[in-house]
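Colleague: Based on what follows, work out the 3D shape:
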Amino acid sequence: MKPKDFVYNQIFKGAIAKGAYEKFAHEKAVQGTQNYLKSSFTGKAGNYIEQQIKEAVRLSKMAKAKR
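Modeller: Coordinates of the predicted model:
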């Protein structure tokens with residue numbers, strides 16, 4: 001497994017496990033993978049992955065509130 005596949009899977013599966021909609025989990029996983037490849041994040045990669053998961057969950061909660 002390549003590092004970019006690992007980052008995508010961790011963000012996507014982590015967000016789904018925490019209750020995010022698949023749409024937002026996929027968007028954040030793609031965005032997170034692109035930023036990982038460009039090294040355009042600060043801190044450790046593990047913290048960045050957790051940040052992306054939290055963002056996907058937050059977007060899902062906002063979408064639920066609007067329904």
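Colleague: Residue 27: neighbour count?
Modeller: Around residue 27 there are 19 other residues, counting by other C-beta atoms under 10 Å. For every residue, glycine as well, the C-beta is placed using N, CA and C.
Colleague: Please tell me I have it right and it contacts residue 55.
Modeller: No. With contacts counted by C-beta atoms under 8 Å, residue 27 stays clear of residue 55, the gap being 9.5 Å.
Colleague: now for the biggest helix by length in the chain, which elements pack on it?
Modeller: The residue-count maximum for a helix in the chain (DSSP state H) belongs to helix 45-66. Of the remaining helices and strands, those touching helix 45-66 by 3 or more C-beta pairs under 8 Å, 6 or more residues apart in numbering; DSSP states H and E are helix 3-17, helix 22-38.
Colleague: Show me the one of those helices that comes nearest residue 50.
Modeller: Closest of the helices and strands packed on helix 45-66 to residue 50 is helix 3-17, at 7.8 Å (criterion: C-beta to C-beta).
Colleague: What residues of that closest one count as buried?
Modeller: The neighbour-count check on helix 3-17 (16 or more other C-beta atoms under 10 Å) flags 7-8, 10-12, 14-16 as buried.
Colleague: start to end distance for stretch 11-22?
Modeller: 11 Å (C-alpha to C-alpha, to the nearest Å).
Colleague: Look up how far residue 66 lies from the closest residue to residue 36 other than its chain neighbours.
Modeller: Of all residues not flanking residue 36 in the chain, residue 7 sits nearest, at 4.8 Å (C-beta to C-beta, 6 or more residues apart in numbering). Distance of residue 7 to residue 66, computed by C-beta to C-beta, to the nearest Å: 29 Å.
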